[in-house]
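1. Fold the stuff below for me.
(chains A and B)
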Amino acid sequence: MTSLTYNHFFILSLIVFIIGCFGLFLNRRNMILILMCIEIILLAANINFVSASVFLNDINGQVFSIFILTIAAAEAAIGLAILVIYFRNKGEIDITQINQLKD
Amino acid sequence: MFLVGSFFLFAAFLITTCIFVIFSKNPVNSVLFLVLAFLNSTFLFILIGAEFVGIILAIVYIGAVAILFLFVVMMLDIQITTLMFNIKRYIPLALLFAGIILAEIIYLTVFKTSKVNIDTFIRSKNNTEQIGDVLYTNYFIDFQLSGIVLLLAMIGAIVLTHVYRPTIKRQNIDSQNSTTAKDRVQLVKIKPGEGIKDD
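-> Residues are numbered from 1 along each chain as shown, chains lettered A, B, ... in the order given. Have a look, this model is predicted:
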């Protein structure tokens, strides 16, 4: 336990990932919190990629982490745009009503 | 020893803030805790020597994504709702996941203790130079494609949220570009004492 190993970071990212998944299951009403939980899950993936890259002394993991960041930013923008038009049409962001989008 | 102590400090903060993101009643508090979680993971990345990704995470997530969330949360009038959670439905799934995760952690900590020490790596270049060497050569196509993805996201967000109102008076760009000076300005010679006749 005196030196920092990859196991520390792997277990940390596992815990963060589980917290994000738990939030997805727990939260059934607020759509914006679901988007935040997806951000937490992507953050866990980033932690795993970057720490593996550092401990294996291979830079490719950090490059992939940058690509994940790009996709996460695009996803947040599109998700929030859908949220805004949903709120404009319905006046609420209750996730249980969202199956009416297909009508 | 300093590394391990800092790691446990920041990791504890990261997990605590992630839990607060989920359990906050007010969405504004959730977004602010999300910012704190990203800041802690930035510290963790800098701690193990991945400075570039850490700073990019701070700039992109805290500077752009979290502030976007904050704008949307404050713009929409969201009533504070309680969590709707029926714990009995999820107990089998939760036990399955908990068993898998526990088995993975035990396997890692008991059988697979990695002996790699990051202080022993000799780096000829700094972190940013290393990433730049790979990103603009091997991953050139992917780099361009991620730019296209960002462009598509921008166009998609604008198209989705744009509201077309036909009653608003707008510029007609074509007719404005196709006019010449003769259509707009007229040179009139005025004789003394007569004034201008309106046609």
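2. Tell me the residue of chain A that sits nearest chain B?
-> A:Ala74 (3.5 Å; CB to the nearest CB). Every C-beta, even on glycine, is put in place using the N, C-alpha and C of the backbone.
3. Please identify the helix or strand for that residue.
-> Per DSSP states H and E: A:Ala74 is located in helix A:60-90.
4. What's the local residue count around the residue of chain A closest to chain B?
-> Neighbour count for A:Ala74, taken as other CB atoms under 10 Å in any protein chain shown: 19.
5. which residues touch it?
-> With contacts defined as CB atoms under 8 Å, 6 or more residues apart in numbering or on different chains, the neighbours of A:Ala74 are B:149-150, B:152-153.
6. Out of these, which comes closest to chain A?
-> B:Ala153 (3.5 Å).
7. Report how many residues lie close to the closest one.
-> 20.
8. wait, is it part of a helix?
-> Yes: counting by DSSP: H, G, I helix; E, B strand; the rest coil, one finds B:Ala153 located in a helix.
9. Find me whatever residue is spatially closest to it, sequence neighbours aside.
-> A:Ala74 (3.5 Å; CB to CB, 6 or more residues apart in numbering or on different chains).
10. Pull the residues that contact stretch B:132-152.
-> Here stretch B:132-152 has contacts from A:59-60, A:63, A:66-67, A:70-71, A:73-74, B:125, using CB under 8 Å, 6+ apart.
11. Buried subset of those residues, written for ChimeraX?
-> Buried residues among the contacts of stretch B:132-152 (16 or more other CB atoms under 10 Å in any protein chain shown), as a ChimeraX selection:
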select /A:59,60,63,66,67,70,73,74
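12. host element of A:Gly20?
-> Going by DSSP H and E, A:Gly20 is part of helix A:6-26.
13. Does chain B have contacts with that helix?
-> Yes: using CB under 8 Å from any CB of the partner chain, helix A:6-26 reaches chain B at A:6-12, A:14-16, A:18-23, A:25-26.
14. tally of neighbours for residue 89?
-> By default, I'm working from chain A. A:Asn89 sits with 10 neighbouring residues when counted by other CB under 10 Å.
15. that's the wrong chain, I wanted chain B
-> Residues within reach of B:Arg89, counting by other CB under 10 Å, total 10.
16. And it, how far from A:Cys37?
-> In this view, B:Arg89 and A:Cys37 are 18 Å apart by CB to CB, to the nearest Å.
17. now B:Asn40
-> B:Asn40 sits 17 Å away from A:Cys37, going by CB to CB.
18. same question, B:Phe97
-> Distance, B:Phe97 to A:Cys37, using CB to CB: 15 Å.
19. cool, and B:Lys88?
-> 22 Å.
20. So for B:Tyr164, what pLDDT did the model give?
-> The confidence metric pLDDT takes the value 82 at B:Tyr164.
21. Can you tell me the closest non-neighbouring residue to B:Ile105?
-> Once flanking residues are discounted, B:Ile105 sits nearest to A:Ile11: 5.8 Å by CB to CB, 6+ apart.
22. Return the residues in contact with that neighbour.
-> So A:Ile11 contacts B:105, B:108-109 (CB under 8 Å, 6+ apart).
23. Just the buried ones from these?
-> Buried among the contacts of A:Ile11 by 16+ other CB under 10 Å: B:Leu108.
24. Residue ranges in chain B under the pLDDT threshold?
-> For chain B, the stretches with pLDDT under 70 are B:78-87, B:112-123, B:198-199.
25. quick one: the helices in it?
-> Remark: helices assigned in chain B by DSSP state H are B:2-23, B:27-47, B:51-57, B:66-75, B:87-106, B:127-135, B:140-161, B:173-178, B:181-184.
26. Tell me which residue is most central in chain B.
-> Central residue check for chain B by CA atoms, centre = their mean: the C-alpha nearest the mean position is that of B:Val65, 3.1 Å away.
27. my guess is that residue contacts A:Glu75, does it?
-> No: counting by CB atoms under 8 Å, B:Val65 sits too far from A:Glu75 to count as a contact (9.3 Å).
28. the bottom helix or strand of chain A by mean pLDDT?
-> Counting by mean pLDDT, DSSP states H and E, the weakest-scoring helix or strand in chain A turns out to be helix A:6-26, with a mean of 86.
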